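1. Prediction below, plus the sequence it came from.
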Amino acid sequence: LGQMKFAFLLLLLVNLFFTDKASAQIALRGTSVATTTNTTLTIAKPSGLTVGDVMLAQVMQSGTDGSAFVETTFPSGWAVIASSAMNPSVSSRYRTTILYKIATATDVAAASFSFGLDSDSDDGQGGISAFSGVDIAGGVNENGVAGGPFDLDPGNAYNNIASDGQLNANGITTTTANAAVIFFGMMANDTNGGNVSASNPTSWSELYDEEFNNANLDTGIISSWGTRTTAGATGNASSNLGLSTTNGALLIALRRFNGTITTGTVTGPICAGSNISVPYTITGTYATGNVFTAQLSNSAGSFASPIAIGTATATTAGSISATIPAGQGAGSSYRIRVVSNFPPATGSDNGVDLSIVVPATATAGAAFNACATATNIAITTGASSANNAGILWTSNGTGTINNPTSISTATYTPGVGEASTVTFTLTATGNSPCSNASSNKVMTFVQPPTATAGGSKTVCSNQTAVLTSGEASSSNGTIAWTENGTGNITAGSTT
């Protein structure tokens, strides 16, 4: 018995620390409510809304002219789950509609959502609740057809519309574990509902309980939710009202996402700036438009601030073409994982630490001139290199490079007769698996200057000595005349 307990505990620990984290319980992201006295109801976006969340909206409208209301109009992408009218008198008219939408990037960027009411509507109120962790494509849609977020066909109308003091929703039977069961209620008066009661779940959390007291027809809406941990019947659900009024209620269930993402083998070391392939496998259903993203951890293996290194728009397993950022720092404990956004899920990491190596750099420096008769010409001015396993200077000249493996003391002795240009190449050897880096600079030979002053000349002491053209000559530079006498050169000192 002791061994069995130990094995069971070990299994729990393995599941806790080594399985991926793609699956999570359905959780409330946020709720917002609003009222209006015209024909447009604008409800703020629930706080924290994220791509892939399921938004559930309940919109109620009322009017006193006795005409039947047309259906609520709604922004693109919203779909009607259920809609029912309540007509407690000849002149009083009410209609309440439940809608849903899978949040997109556009929804996340929006500030609010606007719903159009009937032109004869006097007032309206509504609420939106957003949930995460829902299997947005693995359940059924609003019509009970595969490919939606619901655990079972949600039905198309409120239940048990009657004039009494209790909201009553027919029980439903969930088909998978950990489904989120949501209770909706509408009231033709400004009254609040009480706690929701059902066989399972037994614990309910209020989403909103709003009464709207206005000059025309008072209204009220309520919504609560709970988790049914095992598949099965909920039993009928009810909520006591503060007074007797016409009302109706409905239960629906969202399916929990149980899919997984397993990141495959990625081998290192990896050179920063290089391309890699990140394989992954999946379970579960992913919606059209889903994007799998490969993420890089920090050098300690933490994904607290992951770096996206590649994406693949897909609903099936495959590989992601990814690129390690060129400026990524060196480290030996990096990890890579794959996540999805539709639905949002986080996969396991690659399972082993990865080393990232910084690529070598090489800068030879700027071009320069050197005298054609010079020896041991310094060639390293302006040169630099980093992240290398060694450097080497080479050239296309006929001369010799001295200290060719030094970044600071290498010199060049020209070959016999070299009189044009020489290209020097600085090569830095990359640390494996990074490739080498190289850089060039050009040295141009400059011929030394020549100067001929001409022959000696005798002049009278009170005369000016004049050199005529052809007596002196120079090349490869500028000239300057100087003298050691007590007189001075009065003209043409640089010609």
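-> Sure thing, it's come through.
2. Find the residue ranges of the protein scoring beneath the pLDDT cut-off.
-> For the chain, the stretches flagged by pLDDT under 70 are 1-23, 66, 88, 90, 215, 454, 467-473, 475-477, 491-495.
3. Show me which strand runs longest in it.
-> Secondary structure of the chain per DSSP state E: the longest strand is strand 237-254.
4. Please identify the buried residues of that strand?
-> In terms of neighbour count (16 or more other C-beta atoms under 10 Å), strand 237-254 has its buried residues at 237-239, 241, 245-254. Any C-beta I mention is one placed from the backbone N, CA and C, and that applies to glycine too.
5. and that strand, C-alpha only, in CSV?
-> Once non-C-alpha atoms are left out, strand 237-254 reads as follows in CSV (Å, rounded to 0.1, in the frame of the first residue of the first chain):
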residue,chain,number,x,y,z
ALA,A,237,-31.5,26.2,-12.2
SER,A,238,-33.4,29.0,-10.5
SER,A,239,-33.1,32.4,-9.0
ASN,A,240,-35.6,34.1,-6.7
LEU,A,241,-36.6,37.6,-7.7
GLY,A,242,-37.3,40.6,-5.5
LEU,A,243,-40.9,40.8,-6.8
SER,A,244,-43.3,39.0,-9.1
THR,A,245,-42.9,40.0,-12.8
THR,A,246,-42.7,38.5,-16.3
ASN,A,247,-39.4,36.7,-16.7
GLY,A,248,-37.4,34.0,-18.5
ALA,A,249,-34.1,32.2,-18.1
LEU,A,250,-31.7,30.0,-20.0
LEU,A,251,-28.6,27.8,-19.3
ILE,A,252,-25.8,27.3,-21.8
ALA,A,253,-22.4,25.6,-21.4
LEU,A,254,-19.0,26.5,-22.8
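6. who does it touch, helix- and strand-wise?
-> In terms of contacts (3 or more C-beta pairs under 8 Å, 6 or more residues apart in numbering; DSSP states H and E), strand 237-254 is packed against strand 79-86, strand 93-102, strand 159-169, strand 179-187, strand 219-228.
7. For my notes, please list those in a markdown table and give mean neighbour count for each entry.
-> Listed next are the helices and strands packed on strand 237-254 as a markdown table, based on neighbours: other C-beta atoms under 10 Å:
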| stretch | mean neighbour count |
| --- | --- |
| strand 79-86 | 18 |
| strand 93-102 | 25 |
| strand 159-169 | 18 |
| strand 179-187 | 27 |
| strand 219-228 | 24 |
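8. so which of those comes closest to residue 55?
-> When the helices and strands packed on strand 237-254 are compared by C-beta to C-beta, strand 93-102 sits nearest residue 55, at 4.9 Å.
9. Restricting to C-alpha, output that closest one in CSV.
-> Written as CSV, here are the backbone C-alpha positions of strand 93-102 (Å, rounded to 0.1, in the frame of the first residue of the first chain):
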residue,chain,number,x,y,z
ARG,A,93,-43.2,44.9,-25.3
TYR,A,94,-39.8,43.4,-24.4
ARG,A,95,-37.2,41.4,-26.3
THR,A,96,-34.0,39.9,-24.9
THR,A,97,-31.2,38.4,-27.1
ILE,A,98,-28.1,36.4,-26.2
LEU,A,99,-25.2,36.7,-28.6
TYR,A,100,-21.6,35.5,-28.7
LYS,A,101,-18.3,36.3,-30.5
ILE,A,102,-14.8,34.9,-30.4
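10. partners of it, with directions?
-> strand 54-63 (antiparallel), strand 79-86 (antiparallel) (DSSP bridges).
11. now the angle between strand 179-187 and the first one, please.
-> It refers to strand 54-63. With axes from the mean of the first three to the mean of the last three C-alpha atoms, to 10 degrees defining the directions, strand 54-63 sits at 10 degrees from strand 179-187.
12. Distance from the chain centre to strand 54-63, please.
-> How far strand 54-63 lies from its chain's middle: 32 Å, per C-alpha atoms, centre = their mean, to the nearest Å.
13. Please apply the same query to stretch 356-364.
-> Distance, centroid of stretch 356-364 to centroid of chain: 28 Å (C-alpha atoms, centre = their mean).
14. One more: stretch 73-81?
-> Worked out by C-alpha atoms, centre = their mean, stretch 73-81 lies 28 Å from the chain centre.
15. That stretch: end-to-end distance?
-> 13 Å (C-alpha to C-alpha, to the nearest Å).
16. what does it contact?
-> 56-57, 59, 71-72, 97-102, 104, 107, 113-116, 141-142, 154-156, 252 (C-beta atoms under 8 Å, 6 or more residues apart in numbering).
17. on that earlier part again, can I get the strands paired with strand 93-102 in a markdown table with distance to residue 326?
-> Output for the strands paired with strand 93-102, formatted as a markdown table (distance: least, C-beta to C-beta, whole Å):
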| stretch | distance to residue 326 |
| --- | --- |
| strand 54-63 | 39 |
| strand 79-86 | 45 |
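18. quick one, which of those strands is nearest to residue 210?
-> strand 54-63 (9.4 Å).
19. then that closest one to PDB, C-alphas only?
-> Backbone C-alpha positions of strand 54-63 (Å, rounded to 0.1, in the frame of the first residue of the first chain) are rendered in PDB as follows:
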ATOM      1  CA  VAL A  54     -15.400  34.000 -25.900                       C
ATOM      2  CA  MET A  55     -17.700  37.000 -25.300                       C
ATOM      3  CA  LEU A  56     -21.300  36.400 -24.300                       C
ATOM      4  CA  ALA A  57     -23.700  39.400 -24.600                       C
ATOM      5  CA  GLN A  58     -27.200  39.700 -23.200                       C
ATOM      6  CA  VAL A  59     -29.200  42.600 -24.700                       C
ATOM      7  CA  MET A  60     -32.700  43.600 -23.500                       C
ATOM      8  CA  GLN A  61     -34.900  46.300 -25.100                       C
ATOM      9  CA  SER A  62     -38.400  47.600 -24.100                       C
ATOM     10  CA  GLY A  63     -41.100  49.800 -25.500                       C
END
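20. so who does residue 123 touch?
-> 35-37, 61-63, 212, 214, 216-217, 219.
21. okay, the buried residues of strand 237-254 in TSV with distance to residue 93 next?
-> Below are the buried residues of strand 237-254 laid out as TSV (distance: C-beta to C-beta, whole Å):
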residue	distance to residue 93
237	26
238	26
239	24
241	20
245	15
246	11
247	15
248	14
249	19
250	20
251	25
252	25
253	30
254	31
